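**Student:** Sequence first, then the predicted structure, then my questions.
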Amino acid sequence: QVQLVESGGGLVQAGGSLRLSCAASGRTFSNYGMGWFRQAPGKEREFVAAISVGGGWTTYSDSVKGRFTISRDNTKNTVFLQMNSLKPEDTAVYYCARSQHALGPSAISEYNYWGQGTQVTVSS
């Protein structure tokens, strides 16, 4: 069974930075793309960023492009999300997820394992 555990969330002022981590259990971490999603109160879960198995391919939602960076360390079974220039509208619970493929698609339906989420709150 695959387990994903996020960490690094918290309260930050607008313009600040946070780095989220997602530690995965199991031996097959490096065989799958990984993604980050977020869900704000009263809104649907949305795609944030994704990365391929080797880290050579990444994709971002338009709302975070240029501010967030996804990366992974396959030796540590960990995926990261560096978030800079944070805005109040980035406030949400952030989830990491494991794709069913080598790439990291943006569709939620393509992910079959999810973490419990970590809260990110950006004050104005």
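**Tutor:** Noted; the coordinates are in hand. If you're wondering where the values come from, they're calculated on a predicted model, not measured in any experiment.

**Student:** tell me the contacts of residue 100?
**Tutor:** Under the criterion of Cβ atoms under 8 Å, 6 or more residues apart in numbering, the neighbours of residue 100 are 32, 110, 111, 112. Where you see a C-beta, it was placed from the backbone N, CA and C, and this is true even at glycine.

**Student:** Could you measure from it over to residue 20?
**Tutor:** As judged by Cβ to Cβ, to the nearest Å, residue 100 and residue 20 stand 22 Å apart.

**Student:** Ok, residue 48 next?
**Tutor:** Distance from residue 48 to residue 20, by Cβ to Cβ: 10 Å.

**Student:** Common neighbours of those two, please.
**Tutor:** Each of 36, 81, 94 lies in contact with both residue 48 and residue 20 under the rule Cβ under 8 Å, 6+ apart.

**Student:** Next one: the nearest residue to residue 122 once chain neighbours are set aside, what pLDDT does it get?
**Tutor:** Closest residue in space to residue 122, ignoring its immediate chain neighbours: residue 86 at 4.6 Å, by Cβ to Cβ, 6 or more residues apart in numbering. On the pLDDT scale, residue 86 is placed at 98.
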